[in-house]
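1. Okay, here's the prediction I keep looking at, along with the sequence it came from:
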Amino acid sequence: MDTLVVDHPLVAHKLTALRDVRTDSPTFRRLADELVTLLAYEATRDVRVEPTEITTPVSPATGVRLASPKPLVVPILRAGLGMLDGMVRLLPTAEVGFLGMVRNEETLQASTYAERLPDDLSGRQCYVLDPMLATGGTLAAAIRFLVDRGADHITAVCLLAAPEGTARLEHELADLTIPVRMVTAAMDERLNELGYIVPGLGDAGDRLYGVAD
Ligand SMILES: O=P(O)(O)OC[C@H]1O[C@H](OP(=O)(O)OP(=O)(O)O)[C@H](O)[C@@H]1O
Ligand SMILES: O=c1cc[nH]c(=O)[nH]1
Ligand SMILES: [Mg+2]
């Protein structure tokens, strides 16, 4: 897996405000949205394009447009939904599929409770959105799911990643022959005993949408 930690002062500035425990939900949602758009610029660096002929006011010209089949953006519910608008702002013609996954907070095992994706992802570039790469169980299962459907290029976009989760992805996805990338705003220090990223930002879903159950 190819990992990119985006090194940019605006990314660091927005991430710092996002981490702050005093940041309220509306501000957290806006910052997450802005941060994703900055990450999306890097995450889509290898999006497939094809040549197209246009005419400028001055002369004919050859440019590019997004190639077919269109990319598929997959937010992982719930927290990944807070990244969707920021991503499709840069990829407005992308299709969107959904994966609902939740981590059991005692066992830290991820399970899937909803799936709405095309049956056949052959030849598709997929962008998986999940703010937190903690133990890596959720993202490893999501990526495996997309590969089993035929995806041939996968980029995960995460606001934060932990070294433990990144190492797990490297290990569990080592057999894949397709390109897999992970783009994040920061590689944090570690996981704590509860499986939370340190220093992290807390529970991303709760901070976006309010406390669950
Ligand atoms: O790397 P992992 O250890 O698997 O943890 C990361 C997952 O945990 C959080 O989701 P959560 O289960 O809290 O669901 P939510 O988005 O509905 O809050 C987060 O949004 C990731 O999907
Ligand atoms: O730190 C963490 C770990 C998992 N899920 C979160 O929302 N935050
Ligand atoms: Mg959560």
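-> Thanks, I have the structure now. Numbering: from 1, shown residues only. Ligands and ions are numbered 1, 2, ... in the order given.
2. Pull the number of nearby residues for whichever residue of the chain sits closest to ligand 1.
-> Ranked by CB to the nearest ligand atom, the top residue of the chain for proximity to ligand 1 is residue 205, at 2.3 Å. C-beta coordinates here come from the backbone N, C-alpha and C atoms, glycine included. Per other CB atoms under 10 Å, the neighbour tally for residue 205 reads 20.
3. before we move on, which element is residue 26 in?
-> Per DSSP states H and E, residue 26 falls inside helix 25-43.
4. Sheet-wise, list the partners of the helix or strand that comes right after that helix with their directions.
-> Counting by DSSP H and E, the next helix or strand C-terminal to helix 25-43 is strand 49-55. For strand 49-55, the paired strands and their directions (DSSP bridges) are strand 60-66 (antiparallel).
5. ok, back up a step: who touches whichever strand or helix holds the residue of the chain closest to ligand 1?
-> Element membership for residue 205, per DSSP H and E: helix 204-209. The contact list for helix 204-209 (CB atoms under 8 Å, 6 or more residues apart in numbering) reads 23, 25, 28-29, 32, 78-79, 81-82, 131-132, 159, 201, 212.
6. before we move on, what about stretch 158-172?
-> Counting by CB under 8 Å, 6+ apart, 1, 3, 5, 15, 18, 32, 35-36, 39, 83, 130-137, 139-140, 143-144, 180, 182-191, 197-198, 200-201, 204 sit against stretch 158-172.
7. Wondering if that stretch reaches ligand 3 at all.
-> No - Stretch 158-172 lies apart from ligand 3 when judged by CB under 5 Å from the ion; the minimum separation is 13.0 Å.
8. Just the buried positions in that stretch, please.
-> 158-162, 165-166, 168-169, 172 (16 or more other CB atoms under 10 Å).
9. gap between the residue of the chain found nearest ligand 3 and residue 101?
-> For the chain, the residue closest to ligand 3 is residue 205, as judged by CB to the ion, at 3.2 Å. Taking CB to CB, to the nearest Å as the measure, residue 205 falls 11 Å from residue 101.
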